[in-house]
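> fold the following.
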Amino acid sequence: MQGDTADRLHWWQTRWFVVAAALVAAIPLLWPDIPPLLDLPGHMGRYRVQLELQQHQWLRDWYDFNWSLIGNLGVDLLVIPLAKIFGLELAVKLIVLTIPPMVVTGLLWIAREVHGRIPATALFALPLAYSFPFHFGFVNFALSMALALNAFGLWLRLARLGHLRLRAIIFVPLSCLLWLCHTFGWGTLGVLAFSAELIRQHDLGHRWFNAWLRTCIGCLPLALPMGLMVLWRTGGGVSGQTGDWFNWRAKAGWVTMVLRDRWQAFDIASTAVLYFILFKGIRDPNIEYSRNLTLSAAFLLAVFILLPRIVFGSAYADMRLAPFMIAIALIALRPKKGLSIRGAATVAAVGLSFFLVRIGAGTVSFWLYDQSYDRQLKALDHVPKGARLVSFVGETCNNEWFLSRLQHLPAIALERRLAYTNDQWSMAGAQLMTTRYRAARRFAHDPSQIVTHVQCPREWWRPVTRSLALFPREAFDYVWLIQPPAYDKKLEAGLIPLWRDARSAVFRVDHAKPAVTLTTEELTPPPPS
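Residues are numbered from 1 along each chain as shown. All right, here's what the predicted structure looks like:
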């Protein structure tokens, strides 16, 4: 009887639970028509240019778009066939909708392969499917990491079954596709695969040095993208700096905000739960860490420490890794032999409750963001197709926990109205599109759309007074203000109001009337006290 009990799968170890958990992970994204992720509207504007550049001369006057082989093309490529079937907005939503479920299946698959069965403690890692990098809207990165987790599960399974030749054949093209989606996913897969193979070789009886050499050979199928990386970064016109190394203050912040969304106390308390579970793995005699995944987590920690904040011009490189480092550490935990089924079931029930509470809160949060998007996007009823639009989105210098997620909402004017928007990124080599609208001068691209009440330290953002007074009116026909800070209404001289909603507004530029002239003191508000 005891043997039958030991062999029977418990509810959190079954396939139906994995499927159910994956479906639950999709719930927060079901209602919003535009997933409310900070950078995503900006990417959607680029996708529209990508799809319709050759159909509209004005887009070619404003933007350069050149296909090239870069490690940041996941969603950019997927929207091409899907937009023809579903339309661009629904295609983007469907792609983004798959990411959290794939993170869930990947984590549970890895746990299953390493431990033989899914340990109850693994359920605490599932809320990290909605980590801060995902909320930030790094969609190519998030997609590549979700794929990397599932690819690592496949890597472990093929090794467990002894299909090493098949694994080598599969992972040569798979690693290239993962790199094409985003370099971070490929790099993370390499770290995870190397650490797992090192443990496997050592367990086969090889000493550590020999195990290291054999691991290097075993991971060669993952190495081909190194050549693709060299081709990418040595290409003509590639820009983007790498810097801000060992920013310990920032790194300490990243590991406390892995679940950052809307409610600071709730998000920090949720993160504390994760660290409590990790601490229990050290102190609780009934729980232990797997050598395999503990080494993987240690390798990821080393990468997190060594990564600078900016890589190839992309900010928050180290921040992106933090939640996945913690997730791998969490699924490394497992109950020791002798823990009663009642104890394991209690842990699983608490873990599931934690996951469902976070999903419920995320669903409410996304619904609130969607209401905010819908309210602001009513402005587009007053923006004609092909408009030359300059937008200014209000921000503060306080680095609040809650992000309005409106910083790149102006790009929906590009996506829906094919209007010029000044929020697009313009960095050759980092993305396929750059701005070429020289008449816009210093208001051509991101972050010219962000305005504040005063000049923020260490930021390129302008005070709203300076932006409204100095933007080149001959280059634009419309102005869209999205929750700007308070400003002197005399700055609206020469701007004809078309729509208002609280602080937000749309104006048509009257080119026959000049902008108000401000003194140097008025153009330079004092810094925040």
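> helices of the stretch 201-350 of the chain, start to end?
In the stretch 201-350 of the chain, the segments counted as helices under DSSP state H, counting those that start in this stretch are 208-218, 225-233, 248-254, 264-283, 291-306, 317-331, 341-377.
> please identify the most buried of those.
Ranked by mean neighbour count, the helices of the stretch 201-350 of the chain are led by helix 317-331 with a mean of 25 (mean count of other C-beta atoms under 10 Å). For the C-beta atoms, the positions are set from N, CA and C on the backbone; glycine is no exception.
> any idea of the mean pLDDT for that one?
Per-residue pLDDT over helix 317-331 has a mean of 93.
> now do it and helix 264-283, the angle between them.
50 degrees (axes from the mean of the first three to the mean of the last three C-alpha atoms, to 10 degrees).
> helix 317-331 packs against which elements?
Packing partners of helix 317-331 (3 or more C-beta pairs under 8 Å, 6 or more residues apart in numbering; DSSP states H and E): helix 88-115, helix 132-136, helix 139-160, helix 183-203, helix 248-254, helix 264-283, helix 291-306.
> 7 Å instead, please
helix 88-115, helix 132-136, helix 248-254, helix 264-283, helix 291-306 (3 or more C-beta pairs under 7 Å, 6 or more residues apart in numbering; DSSP states H and E).
> list the buried residues of the helix or strand that contains Trp499.
Secondary-structure assignment from DSSP states H and E places Trp499 in strand 495-501. Residues of strand 495-501 classed as buried by neighbour count (16 or more other C-beta atoms under 10 Å): Leu495, Leu498.
> CA atoms only for the helix or strand following that strand - export them in CSV, please.
The helix or strand immediately downstream of strand 495-501 is strand 504-509, counting by DSSP H and E. Taking C-alpha atoms only, strand 504-509 is exported to CSV below (Å, rounded to 0.1, in the frame of the first residue of the first chain):
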residue,chain,number,x,y,z
SER,A,504,-5.1,65.2,-21.7
ALA,A,505,-5.8,67.1,-24.9
VAL,A,506,-5.4,67.1,-28.7
PHE,A,507,-4.6,70.4,-30.5
ARG,A,508,-4.2,71.3,-34.1
VAL,A,509,-1.3,73.6,-34.8
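> which residues are in contact with strand 504-509?
376, 379, 382-383, 473, 476-483, 492, 494-499 (C-beta atoms under 7 Å, 6 or more residues apart in numbering).
> what's the pLDDT at the most centrally placed residue in the chain?
The structure's the chain has its C-alpha centroid closest to Phe138; by C-alpha atoms, centre = their mean the separation is 2.7 Å. Residue-level confidence at Phe138 comes out at 94, pLDDT.
> surely it and Arg320 touch.
Yes - at 6.3 Å, Phe138 counts as touching Arg320 under the criterion of C-beta atoms under 7 Å.
> any residues in contact with both of these two?
Applying C-beta under 7 Å, 6+ apart, one finds that no residue jointly contacts Phe138 and Arg320.
> from Arg358, how far off is Pro472?
According to C-beta to C-beta, to the nearest Å, Pro472 and Arg358 sit 46 Å apart.
> related to what we said a few turns ago, so which of the helices of the stretch 201-350 of the chain is nearest Asn399?
helix 248-254 (9.5 Å; C-beta to C-beta).
> tell me which other helices or strands the closest one touches.
helix 317-331.
> contacts for the helix it packs on next, please.
By C-beta under 7 Å, 6+ apart, helix 317-331 touches 107, 110-111, 121-122, 124-125, 128, 131-133, 138, 141, 145, 184, 188, 251, 254-255, 258, 274, 277-278, 293, 296-297, 300-301, 303-304, 307-311.
> can we see that at 6 Å?
Residues external to helix 317-331 that are found in contact with it (C-beta atoms under 6 Å, 6 or more residues apart in numbering): 107, 111, 122, 124-125, 128, 131, 133, 141, 251, 254-255, 258, 274, 278, 293, 296-297, 300-301, 304, 307, 309, 311.
> next: stretch 183-197.
For stretch 183-197, the external contacting residues (C-beta under 6 Å, 6+ apart) are 71, 141, 144-145, 147-148, 151-152, 155, 175, 178-179, 215, 218-219, 222, 225, 292, 295-296, 299.
> and that stretch, how far out from the chain's middle?
18 Å (C-alpha atoms, centre = their mean, to the nearest Å).
> oh, and call the first residue 896 from now on, that's how I've got it
Taking 896 as the first residue, the last one we looked at is stretch 1078-1092.
> got the CA coordinates for that stretch in PDB?
Provided in PDB are the C-alpha atoms of stretch 1078-1092 (Å, rounded to 0.1, in the frame of the first residue of the first chain):
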ATOM      1  CA  THR A1078      20.000  37.000 -27.800                       C
ATOM      2  CA  PHE A1079      19.200  36.900 -24.100                       C
ATOM      3  CA  GLY A1080      17.100  33.700 -24.500                       C
ATOM      4  CA  TRP A1081      19.900  32.000 -26.300                       C
ATOM      5  CA  GLY A1082      22.500  33.100 -23.700                       C
ATOM      6  CA  THR A1083      20.300  31.900 -20.800                       C
ATOM      7  CA  LEU A1084      19.800  28.500 -22.500                       C
ATOM      8  CA  GLY A1085      23.500  28.200 -22.900                       C
ATOM      9  CA  VAL A1086      24.100  28.900 -19.200                       C
ATOM     10  CA  LEU A1087      21.400  26.500 -18.100                       C
ATOM     11  CA  ALA A1088      22.500  23.700 -20.500                       C
ATOM     12  CA  PHE A1089      26.200  24.000 -19.600                       C
ATOM     13  CA  SER A1090      25.500  23.800 -15.800                       C
ATOM     14  CA  ALA A1091      23.200  20.800 -16.300                       C
ATOM     15  CA  GLU A1092      25.600  19.000 -18.600                       C
END
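> tell me which of the helices and strands packed on helix 1212-1226 lies nearest to His1303.
Once those are compared by C-beta to C-beta, helix 1027-1031 is nearest, at 10.8 Å.
> about what we covered before: lowest mean pLDDT across the helices of the stretch 1096-1245 of the chain, which one is that?
Minimum mean pLDDT among the helices of the stretch 1096-1245 of the chain: helix 1120-1128, a mean of 80.
> please save the CA atoms from that one in CSV.
C-alpha atoms of helix 1120-1128 as CSV (Å, rounded to 0.1, in the frame of the first residue of the first chain):
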residue,chain,number,x,y,z
PRO,A,1120,24.9,31.8,-32.9
MET,A,1121,28.2,33.2,-31.7
GLY,A,1122,29.1,33.6,-35.4
LEU,A,1123,25.7,35.3,-35.9
MET,A,1124,26.5,37.6,-33.1
VAL,A,1125,29.8,38.6,-34.6
LEU,A,1126,28.2,39.3,-38.0
TRP,A,1127,25.5,41.5,-36.2
ARG,A,1128,27.8,43.6,-34.1
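> contacting residues around it?
So helix 1120-1128 is in contact with Ile965, Ser1070, Cys1071, Trp1074, Trp1081, going by C-beta under 6 Å, 6+ apart.
> nearest to Leu924 among these?
Distance to Leu924, by C-beta to C-beta, is smallest for Trp1081 among the contacts of helix 1120-1128, at 25.2 Å.
> next one: the residue nearest to the closest one when sequence neighbours are not counted from Ser1039, what distance?
With sequence-adjacent residues excluded and distances taken as C-beta to C-beta, 6 or more residues apart in numbering, Trp1081 is closest to Trp1074, at 3.9 Å. Going from Trp1074 to Ser1039 by C-beta to C-beta gives 8 Å.
> cool, and Gly1085?
Taking C-beta to C-beta, one finds Gly1085 at 12 Å from Ser1039.
> quick one, which of those two is more surrounded?
The residue with more neighbours, out of Gly1085 and Ser1039, is Ser1039; 31 against 21, by other C-beta atoms under 10 Å.
> state the three-state secondary structure for Glu1295.
coil (DSSP: H, G, I helix; E, B strand; the rest coil).
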